[in-house]
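Colleague: pasting the sequence and the predicted coordinates here, then a few questions.
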Amino acid sequence: MDTIASFFSFITTPVSWVIVQFHSLYGMIFGPDTGWAWGLSIVSLVVLIRICLIPLFVKQIKSTRNMQVLQPKMKAIQERYKNDKQRQSEEMMKLYKETGTNPLSSCLPILAQSPFFFALYHVLSSIANGNTIGVINQGLLDSARQAHIFGAPLAAKFLDSSDKVASLNATLTDVRIVTAIMIVMMSASQFYTQRQLMTKNVDLTVKTPYMQQQKMLMYIFPLIFAVTGVNFPVGVLVYWLTTNVWTMGQQMYVINQNPTPGSKAQDQYLQRLLKSITSHTEVRSRRKRGIVQAIVAKGPDRNDNERKFITGLAKVGLAAQADGTVVKSDTAAAEAESGSAAKRQQPKRQTKAKRQAAATHPGTDKPAQAKDSEAAGEAAKTSLQKKDESQDTTSQPSGKPAAGSARQAKSGQRKGQQRPKHPSKK
């Protein structure tokens, strides 16, 4: 660890200077030797770094989503060229180039934070050992060694000996309780951040190895923090806990305002958008109009959440336009009503018990529709029989008995036009 920290020693001076500047500000409020002044200085350092890293965070989000979309294509390439690793790599690079995706973009925020993390670790370790570093002179060093957060010095660690903790004017019990609580909070915040990303902001209709990889990281990262956290000074734990809380809040904002298409978060967002449009009969912001415009432009390629959103607009008599606005449309409302009415008119299927009872007792427990159809069939049969009888009666000539016609039929004589015989029978 000393070798890694010394490698990032070029940044220890800027980091120590930023901490000293924030300390001078908070020292006027809480006192220069208090833990609040030094602790808030570290928190402010985190906030400043994360604000500078927002562009990288945006790239990380775009890269993560592009990787999720490309997973099926990547899997197809792997299956197609599974015996040719070189061709597989070439096709992968070609796919990344065509889509403008960089797999390393998802790691940029972590890589960018690493120098600041190790520089802060080196600064706090020097304070614990009583050595000046960067712009921290002897007076600031003594002030930092006296600063405590809930009874734990900034430079103390969970695994420090009781003698070393006593030299920092603290007890080993206080140090271990404070560090244990901070390690648990740090691991829990990391787990929750990764969990909400997996459960809310992922398209669950696409099952890819990338999802399994993210699921593994959801459990591995908190475990790494729990194991390595016992070696971090209290000040570094403050830094890392603040970073995790910031990441969690940033992730929640992104999920609520710009969710991944097809995810549970997108369904929730579109329902909120539908409620807003229904109550105001208009799209009230440019960003929301852009979202509606993108949904309209997809056409038949919309996912289930987007189709549900368009149908919800139609039910209240609104139709989304290509420019992202909505207009009143009686046609859309009528189509939605006819669709729902057609669904309501579908006959209900009988239960298994009723079907078995009808098969066992054919004459009983018949549905009303079956009884009506049978009655109609009987009536039609009776009318046909009566019609045949009336035709037979009218076909007989008046004044001649039926027996004569019977004798004529018996003698083989026929009246009227006879059917010609087949030529072969002549």
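Modeller: Ah, there it is.
Colleague: show me what the mean pLDDT comes to for stretch 138-148.
Modeller: The predicted model assigns stretch 138-148 a mean pLDDT of 87.
Colleague: distance between that stretch and the chain's centre?
Modeller: The chain centre lies 47 Å from the centre of stretch 138-148; the measure is C-alpha atoms, centre = their mean, to the nearest Å.
Colleague: which positions within it qualify as buried?
Modeller: L140, L141, S143, A144, R145, Q146, A147, H148 (16 or more other C-beta atoms under 10 Å). Quick note: C-beta positions are derived from backbone N, CA and C, even for glycine.
Colleague: the third one sits in which helix or strand?
Modeller: The one in question is S143. Counting by DSSP states H and E, the element that carries S143 is helix 138-146.
Colleague: give me the helices and strands touching the helix or strand that that helix is followed by, please.
Modeller: Helices and strands here follow DSSP H and E; after helix 138-146, the next one along the chain is strand 148-149. Using 3 or more C-beta pairs under 8 Å, 6 or more residues apart in numbering; DSSP states H and E, the elements in contact with strand 148-149 are helix 35-52.
Colleague: tell me how far the helix it packs on lies from the chain's centre.
Modeller: Relative to where its chain is centred, helix 35-52 has its mean C-alpha point 32 Å off (C-alpha atoms, centre = their mean).
Colleague: now that helix - C-alpha only, PDB.
Modeller: Presented in PDB, the C-alpha positions along helix 35-52 are these (Å, rounded to 0.1, in the frame of the first residue of the first chain):
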ATOM      1  CA  GLY A  35     -13.700  16.900  14.400                       C
ATOM      2  CA  TRP A  36     -16.500  18.800  12.600                       C
ATOM      3  CA  ALA A  37     -14.000  21.200  11.000                       C
ATOM      4  CA  TRP A  38     -11.700  18.500   9.700                       C
ATOM      5  CA  GLY A  39     -14.600  16.000   8.900                       C
ATOM      6  CA  LEU A  40     -16.600  18.500   6.900                       C
ATOM      7  CA  SER A  41     -13.400  19.400   5.100                       C
ATOM      8  CA  ILE A  42     -13.100  15.800   3.900                       C
ATOM      9  CA  VAL A  43     -16.800  15.800   3.000                       C
ATOM     10  CA  SER A  44     -16.400  19.000   1.000                       C
ATOM     11  CA  LEU A  45     -13.400  17.500  -0.800                       C
ATOM     12  CA  VAL A  46     -15.600  14.600  -1.900                       C
ATOM     13  CA  VAL A  47     -18.400  16.900  -3.100                       C
ATOM     14  CA  LEU A  48     -15.900  19.000  -5.100                       C
ATOM     15  CA  ILE A  49     -14.400  15.900  -6.800                       C
ATOM     16  CA  ARG A  50     -17.700  14.400  -7.600                       C
ATOM     17  CA  ILE A  51     -19.000  17.600  -9.200                       C
ATOM     18  CA  CYS A  52     -15.900  17.600 -11.400                       C
END
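Colleague: can you give me the angle the next helix or strand after that helix makes with helix 35-52?
Modeller: Sequence order places helix 54-80 as the next helix or strand after helix 35-52, per DSSP H and E. Helix 54-80 runs at 60 degrees relative to helix 35-52, counting by axes from the mean of the first three to the mean of the last three C-alpha atoms, to 10 degrees.
Colleague: quick check, distance from helix 54-80 to the centre of its chain.
Modeller: That offset, for helix 54-80, works out to 15 Å (C-alpha atoms, centre = their mean).
Colleague: and it, what does it pack onto?
Modeller: Against helix 54-80 (3+ C-beta pairs under 8 Å, 6+ apart) you get helix 85-99, helix 108-128, helix 209-228.
Colleague: F22 reaches W38, doesn't it?
Modeller: No: the pair F22 / W38 is not scored as a contact, 9.0 Å apart, by C-beta atoms under 8 Å.
Colleague: now for the host helix or strand of M186, which elements pack on it?
Modeller: Using DSSP H and E, M186 falls within helix 172-200. When contacts are defined as 3+ C-beta pairs under 8 Å, 6+ apart, helix 172-200 sits against strand 152-153, helix 162-167, helix 209-228, helix 234-257, helix 264-280.
Colleague: next one: the longest one to chain centre, how far?
Modeller: Taking the mean C-alpha point of helix 234-257 and that of its whole chain, the gap between them comes to 20 Å (C-alpha atoms, centre = their mean).
Colleague: residues of it that come out buried?
Modeller: In helix 234-257, counting by 16+ other C-beta under 10 Å, buried: 234-248, 250-252, 254-255.
Colleague: quick check: angle from it to helix 172-200?
Modeller: 20 degrees.
Colleague: which strands and helices sit next to helix 234-257?
Modeller: Under the contact definition 3+ C-beta pairs under 8 Å, 6+ apart, helix 234-257 sits against helix 35-52, helix 108-128, helix 172-200, helix 264-280.
Colleague: related to what we said a few turns ago, rank the helices and strands packed on helix 172-200 by mean pLDDT and give me the bottom one.
Modeller: Taking the mean pLDDT of the helices and strands packed on helix 172-200, helix 209-228 comes last: a mean of 74.
Colleague: related to what we said a few turns ago, which residues sit against the helix holding S143?
Modeller: With C-beta atoms under 8 Å, 6 or more residues apart in numbering as the test, helix 138-146 has contacts from 20, 23, 32-33, 38, 127-128, 130-132, 136, 153-155, 168-169.
Colleague: pull out the buried members of those residues.
Modeller: Buried among those by 16+ other C-beta under 10 Å: V20, H23, P32, W38, I127, A128, I136, P153, L154, A155, L168.
Colleague: secondary structure element for the second one?
Modeller: Following DSSP H and E, one finds H23 within helix 12-30.
Colleague: for that helix, the distance to its chain's centre please.
Modeller: The answer for helix 12-30 is 41 Å, by C-alpha atoms, centre = their mean.
Colleague: name the surrounding residues that touch it.
Modeller: Taking C-beta under 8 Å, 6+ apart as the rule, helix 12-30 contacts 32, 34, 36-38, 40-42, 44-45, 48, 116, 119-120, 122-123, 133-136, 140.
Colleague: separate out the buried members of those residues.
Modeller: 32, 34, 37-38, 40-42, 44-45, 116, 119-120, 122-123, 133-136, 140.
Colleague: low-confidence bits of the stretch 251-400 of the chain, can you list those?
Modeller: 330, 332-352, 354, 356, 358-400 (pLDDT under 70).
Colleague: just the contacts of helix 138-146: which has the poorest pLDDT?
Modeller: Out of those, that is A128, at 74.
Colleague: which ones are touching the nearest residue to that one once chain neighbours are set aside?
Modeller: With C-beta to C-beta, 6 or more residues apart in numbering as the criterion, A128 has its nearest non-adjacent residue at 3.2 Å, and that residue is A155. If you count contacts by C-beta under 8 Å, 6+ apart, A155 has them with L124, S125, I127, A128, A144, R145, L168, P233, V234, G235.
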